[in-house]
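S.K.: sequence first, then the predicted structure:
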Amino acid sequence: MVHRYDKDTQERILTEANRLFMSQGYLGTSTREIAKSVGITQPNLYHYYKDKETLYRAVVEKLLQTVGVSLREIVDNPGQNFQEKLTEMAEYLIATHFVDLFMMLHDMETQMSPEIRSEMFVLWNKFYRQPFEDLFISNQSELRPNVSPKLAARHFFLILAPYINQKRSPMEASIATNQLIDLYLHGVSQES
């Protein structure tokens, strides 16, 4: 029997796989569960994606590309200053990124083959970190002399990551994004 390719089915697979992988993690999600959720058989799912890792890669790649386009639009907006852009980028990630970022990064690091992990790392840098690095590069004068744009972007993700997840604690939810950005940029102590 020849199976026909259906773009709508492929999109439904990606949507459901995204929802399940990003809420339950790579190990907590089976291809059988994804197929059932889409309303197809597991062998039918393998017609579109040869294995679970390939499907996970497709889900993360689509997520990274979507985020990257949105972050790039914010960076390229001439009507905002540095702090406004950084705040909007953080708000975008917090509000629309319905993924436990630490879980996604852990899954990429521990569950993917070295070649897939390497590809995902390149995509992560291109779509997530690079827009932030570019923002810091174009606002280098705002940084202390010993802080590179790359270091600033890496540190910013460490600060922001706990706020980018599905299960926000009441304490995390109580900190406004503009407060978070202000603390990140200006610290907590008074300058002498």
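M.R.: Structure received.

S.K.: give the next helix or strand downstream of the helix ranked longest in the chain.
M.R.: Once the chain is assigned using DSSP state H, the helix that runs over the most residues is helix 52-75. Downstream of helix 52-75, the first helix or strand assigned by DSSP states H and E is helix 82-96.

S.K.: now do the buried residues in that following helix.
M.R.: Residues of helix 82-96 classed as buried under the neighbour-count rule (16 or more other Cβ atoms under 10 Å) are F82, Q83, K85, L86, T87, E88, M89, A90, E91, Y92, L93, I94. Where C-beta positions appear, they are placed from N, C-alpha and C, glycine not excepted.

S.K.: what does stretch 15-25 give?
M.R.: By 16+ other Cβ under 10 Å, the buried positions in stretch 15-25 come out as E16, A17, N18, L20, F21, M22.

S.K.: and these as TSV, adding secondary structure?
M.R.: Below are those laid out as TSV (DSSP: H, G, I helix; E, B strand; the rest coil):
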residue	secondary structure
E16	helix
A17	helix
N18	helix
L20	helix
F21	helix
M22	helix
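
S.K.: what residue lies at the spatial centre of the chain?
M.R.: Central residue check for the chain by Cα atoms, centre = their mean: the C-alpha nearest the mean position is that of L64, 5.6 Å away.

S.K.: which residues of this structure fall in helices?
M.R.: All helices of the chain, identified by DSSP H, fall at 7-24, 31-38, 42-48, 52-75, 82-96, 101-111, 114-124, 130-138, 149-160, 170-173, 177-186.
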